[in-house]
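> I would like the atomic coordinates for the input below:
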Amino acid sequence: MARATNHVDVAIIGAGPAGLTAGYLLGKQGFTVTLIEKDAKQVGGISRTVEHRGFRFDIGGHRFFSKSREVVDLWNELLPDDFIERPRMSRIFYRGKFYSYPLRAFEALRNLGLIQSTLCMASFFRWKLFPHREVRSFEQWVVNQFGSRLFGIFFKTYTEKVWGMPCSEMSADWAAQRIKGLSLGKAVLDGIRRSLGLNRKPNDGMQAKTLLESFRYPRKGPGMMWDAARDRILEQGNCLLMGHRLHQLSWDETAGLWRIAAMDEAGRLTLMTADHVISSAPMRELATRLHPLPESLPQAMSLGYRDFLTVALMIRSEDLFPDNWIYIHDDRVKVGRIQNFRSWSPEMVPDPALACVGLEYFCFEGDGLWSSSDEALIELAKRELAELGLCDPRQVVGGAVVRQEKAYPVYDDAYADNVAAVRTELESRYPTLHFVGRNGMHRYNNQDHAMMTAMLTARNIAAGRRRHDVWSVNEDAEYHEAGREGEEGPTDAVGVKAALASERQVPTRLPGRKAA
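Model prediction:
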């Protein structure tokens, strides 16, 4: 049975950072808003904080840093008294030793030992003398720069775990963007000079930007931010439909409005109409809910996603490492990254006698990892910590599993054309349908960029036209690691530059290569 129809100015699909930002800002301007969120309990999407018996888990790890002053001001407005300053530390863990991230080549060679580092240098010079002439893949680019042995140790394993495709099938363009500024030769020479006291310059030989040494973080995790946004929206008199999925979205040309049906977990429909719809739902899912179905549905259905899950373990031990997280470059285990939740905030771990870590596994929804039981995943995580030499499984006193579907939009060789086809059709047919956020736009961006797409969309709705190009908002791969917080001015003053109009690089599959 369907419930009564209500009319709002704006219906928002998804209550993640983008949807909540749009809802809050539109509510401040007097718009009536309803958000539709499939999670029955939590808002925030991938930026939520999951709680289990007093332990709090950050899903993916979220440093609060942005060059956009508007984003920083909104964070402060929503959460004025609950930010803490935390040290930034992330390293690579390989065969029992820690390596700086980004990689410091001289340190890496020292840690590898005489024999291994000699073989690495021999491989480096071999590929410098006889490089791949036609460089098309990620693997070829990295091998040319560092040699095949260093590629196998520090680049191949983790990259393939995250993206689920061989390095030989990824585009070299991504490698050039992601690893720019690191030269093995310069780093080794710099290390030699420094050991002889000949190099007084305050750098590490990487010719790279200065990294953030600290960042702000909500004391009980990023979910605090999005819970606060939810509460503000409710205080404005607007509505969130929790535990509801978009069932159908259709444009009534005669009435000049959207007709929306949302379904709860019991199969009951809530009907509403709206002047505007903002979607942060995965573009593939939105297309299947539109009525009539769009002509670009085949392109939408071709869009792929990478999923991941976190296995949190409570361990009777001191913290296993001081880092916020460590990257696991070891092909003996499936885990790709391990978070130390206390390093994000001491309030994430309620018992000072326990350490709490989150092992992150990258997978595809429905594959063996994703489909494993929680008990099996907890046992896997315990075995892999032991394999890595980080923990005795007998010290583990508890565990929990958190699955996150569609964590990363997949950038295969056809994704750009597919997104363009969907966007072109839907924006031309429906001027009052707006795309925001990571999955809504099929763009691999961070929460501040998702927020900026929502901010500009709210302005477009208030203006009654598309004054701002939301699609120009994205980020450079190094954005979160360099620069000063809030250093860019208001968007109206410097255009979309304040939101960083360069695209965050992700690996693309080489043309002609198909997914496994």
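> helix/strand/coil for Thr159?
helix (DSSP: H, G, I helix; E, B strand; the rest coil).
> Next one: the nearest residue to it once chain neighbours are set aside from Asp173, what distance?
Excluding the flanking residues, the one nearest Thr159 by C-beta to C-beta, 6 or more residues apart in numbering is Cys167, at 5.8 Å. Any C-beta I mention is one placed from the backbone N, CA and C, and that applies to glycine too. The gap separating Cys167 from Asp173 is 13 Å, by C-beta to C-beta, to the nearest Å.
> who touches the residue nearest to Thr159 in this structure?
By C-beta atoms under 8 Å, 6 or more residues apart in numbering, Cys167 lies in contact with Ser137, Phe138, Glu139, Val142, Phe151, Phe155, Lys156, Thr159, Glu160.
> If we use 7 Å, what do you get?
Ser137, Phe138, Glu139, Lys156, Thr159, Glu160 (C-beta atoms under 7 Å, 6 or more residues apart in numbering).
> wait, the last one sits on Glu169?
By that I understand Glu160. No - contact criterion C-beta atoms under 7 Å: Glu160 and Glu169 do not qualify, at 9.8 Å.
> Top of the contacts of Cys167 by number of neighbours, please.
When neighbours are counted by other C-beta atoms under 10 Å, Phe138 leads the contacts of Cys167 with 31 neighbours.
> what's the burial count for the nearest residue to it once chain neighbours are set aside?
Once flanking residues are discounted, Phe138 sits nearest to Met170: 3.7 Å by C-beta to C-beta, 6+ apart. Other residues near Met170 come to 27 when the count uses other C-beta under 10 Å.
> so what's Met170 bridging to?
Applying DSSP bridges to Met170 gives these bridge partners: Arg509.
> Go ahead and confirm it touches Arg136.
No - in this structure, Met170 is not within contact of Arg136 by C-beta under 7 Å, at 9.7 Å.
> quick one: Ala40 and Leu240 touch, right?
No - the criterion here is C-beta under 7 Å, and Ala40 misses it with Leu240 at 11.1 Å.
> quick one, which of the two is more surrounded?
Using other C-beta under 10 Å, the more surrounded residue of Ala40 and Leu240 is Leu240, with 19 against 10.
> A strand includes the more buried one, no?
Yes - according to three-state DSSP, the state of Leu240 is that of a strand.
> Which residue is the nearest non-sequential neighbour of it?
Using C-beta to C-beta, 6+ apart and skipping the chain neighbours, the partner closest in space to Leu240 is Leu35 (4.7 Å).
> immediately after the longest strand along the chain, which helix or strand?
Looking across the chain with DSSP state E, the single longest strand is strand 396-409. Once the chain leaves strand 396-409, the next helix or strand it forms, by DSSP states H and E, is helix 415-429.
> and the angle for that next one with strand 396-409?
Here helix 415-429 runs at an angle of 70 degrees relative to strand 396-409 (axes from the mean of the first three to the mean of the last three C-alpha atoms, to 10 degrees).
> Buried by neighbour count: which residues of helix 415-429 qualify?
For helix 415-429, burial by neighbour count (16 or more other C-beta atoms under 10 Å) applies to Tyr415, Asn418, Val419, Ala421, Val422, Arg423, Glu425, Leu426.
> SS state for Thr34?
Applying three-state DSSP: Thr34 is strand.
> Roughly how far does it sit from Glu427?
Counting by C-beta to C-beta, the gap between Thr34 and Glu427 amounts to 22 Å.
> what does Gln447 give?
Using C-beta to C-beta, one obtains 24 Å as the distance from Gln447 to Glu427.
> Could you check the pLDDT of the closest residue to Phe124 other than its chain neighbours?
For Phe124, ignoring the flanking residues on the chain, the nearest one in space by C-beta to C-beta, 6+ apart is Gly147 at 3.7 Å. Confidence at Gly147, expressed as pLDDT, is 93.
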